[in-house]
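S.K.: here are the coordinates; sequence isn't available:
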C-alpha cells in the first residue's frame, strides 16, 4: 500500500541474470524503453525473454543478453522484421520458442491464474507443433472428445511494462486504443516494474478517464518509475506516436555504434 516509486536503474538493480523476463507492449508500440535502456546499462544477462517482440528484443539480442526468446513475432511494425533480432537469429545467438499469438496469450493467462497450462485450438494443424516438439495435446474429458494444444503457462520471474499514467501505489492507466496484455504480464510475474509517462494522484486517474482504463492493479506491481517519453521511439498513444525517423536510424545503424549513443542518453534515444 506504500509508495512504490523508484528510478529505472533502481528497478533494474532488482533483476538477476538467468531470470525469465516478460516485456509488455506489442511490436513497436508502448514498449518500456526507459527500462530496457537501464537493463542494457546493467550486467544482467542470460535472460529468457517473453515478449510480443519489438525493439526491446532487438536491443537485448544485439547486446547478447538473451539466452532464449519466447515470442509470436519480433517486428518494428512499419519495418516488418526487426533487423537486430534477425541478425542474432541468423548467427544462432539465441534459442527461440516461436508460437502462435493466441497460444502466447493463453500461456500468459495460465500463468496469471497459476495454472500449469490452458487448452487452446491455435497451433493445431500447423508447424508450431513440429518446431516445438515439447508441446503436448490434451483431449476434452467431455462428450465432444476434442483435442487441444496444452499451452504451458508462461510463468515470469519479472515483468517490465509502460503505461500512460500511474499513481505511487502501483495502479497503472492506459489512455490509448489498445491495452495489449500488460496486465497479464504483471499478473504472470513474481515482480513487476511499471514505467509511466506521468505519476499522478490516485484521484486524478479517473477524473477525466473511465475506470476501465485502469489496466494494472497495484497488487501486481513491485515498483513504479516515472519516465516521460519512456516508450520512445515506440508509440505511447495518445501522448505521442512512433518516432519513425528515430526508428529508421535504429534499424539502419550497426549495433555497436547505436549502443554507444543509446547508453549515453539518459532519456529519449534518437531525440
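M.R.: Nice, I can see it. Computed from a predicted structure; not experimentally measured.

S.K.: Need the per-residue pLDDT for the residue lying closest to residue 201 once chain neighbours are set aside.
M.R.: With C-beta to C-beta, 6 or more residues apart in numbering as the criterion, residue 201 has its nearest non-adjacent residue at 6.5 Å, and that residue is residue 167. All C-beta spots, glycine's among them, are computed from the backbone N, C-alpha and C. Note for residue 167: predicted pLDDT of 98.

S.K.: burial measure for residue 167, as a count.
M.R.: 22 (other C-beta atoms under 10 Å).

S.K.: For it, which residues are in contact?
M.R.: Applying C-beta atoms under 8 Å, 6 or more residues apart in numbering, one finds that residue 167 lies in contact with 199-202, 204-205, 218, 224.

S.K.: Then residue 172?
M.R.: Residues in contact with residue 172 (C-beta under 8 Å, 6+ apart) are 161, 163, 165-166, 182, 194, 196, 214-216, 221, 224.

S.K.: What values do phi and psi take at it?
M.R.: phi -120, psi 140 (degrees, to the nearest 10).

S.K.: Ramachandran coordinates for residue 188?
M.R.: According to degrees, to the nearest 10, residue 188 has phi -80, psi -10.

S.K.: Let me fix that, I meant to ask about residue 84.
M.R.: The phi/psi pair for residue 84 (degrees, to the nearest 10) is phi -70, psi -30.

S.K.: Could you double-check that it sits in contact with residue 60?
M.R.: No: counting by C-beta atoms under 8 Å, residue 84 stays clear of residue 60, with 9.2 Å between them.

S.K.: Which one of these two is surrounded by more residues?
M.R.: The neighbour comparison of residue 84 against residue 60 (other C-beta under 10 Å) goes to residue 60, with 27 against 24.

S.K.: which SS state does that one fall under?
M.R.: helix (DSSP: H, G, I helix; E, B strand; the rest coil).

S.K.: per-residue pLDDT, the nearest residue in space to it that is not next to it in sequence?
M.R.: Counting by C-beta to C-beta, 6+ apart, residue 66 is the residue found nearest to residue 60 once chain neighbours are left out, at 5.1 Å. Note on residue 66: pLDDT of 98.

S.K.: Is residue 94 in contact with residue 86, as I believe?
M.R.: No: using C-beta under 8 Å, residue 94 is not in contact with residue 86, being 11.2 Å away.

S.K.: higher neighbour count, the two?
M.R.: Per other C-beta under 10 Å, whichever of residue 94 and residue 86 has more neighbours is residue 94, with 20 against 13.

S.K.: ok, now which ones touch that one?
M.R.: So residue 94 contacts 61, 66-69, 88 (C-beta under 8 Å, 6+ apart).

S.K.: what's the burial count for the residue lying closest to it once chain neighbours are set aside?
M.R.: Distance criterion C-beta to C-beta, 6+ apart; nearest residue to residue 94, sequence neighbours excluded, is residue 66 at 4.9 Å. Neighbourhood size, residue 66 [other C-beta under 10 Å]: 24.

S.K.: same deal with the one 5 residues further on?
M.R.: When neighbours are defined as other C-beta under 10 Å, residue 71 has 21 of them.

S.K.: and it, how far is that from residue 261?
M.R.: Going from residue 71 to residue 261 by C-beta to C-beta, to the nearest Å gives 26 Å.

S.K.: cool, residue 217 as well?
M.R.: 37 Å.

S.K.: Surely residue 200 touches residue 168?
M.R.: No: the pair residue 200 / residue 168 is not scored as a contact, 9.2 Å apart, by C-beta under 8 Å.

S.K.: picking that back up, show me which of the contacts of residue 94 are buried.
M.R.: Neighbour-count burial (16 or more other C-beta atoms under 10 Å) applied to the contacts of residue 94 gives 61, 66-67, 69, 88.

S.K.: Restricted to helices, list the contacts of residue 167.
M.R.: Counting by DSSP state H, no part of the contacts of residue 167 is found in helices.

S.K.: Look at the residue lying farthest from the centre of the chain and give its secondary structure.
M.R.: For the chain, the residue at maximal distance from the C-alpha centroid (C-alpha atoms, centre = their mean) is residue 143, at 38.8 Å. Secondary structure state of residue 143, per three-state DSSP, is coil.

S.K.: Great, nothing more from me.
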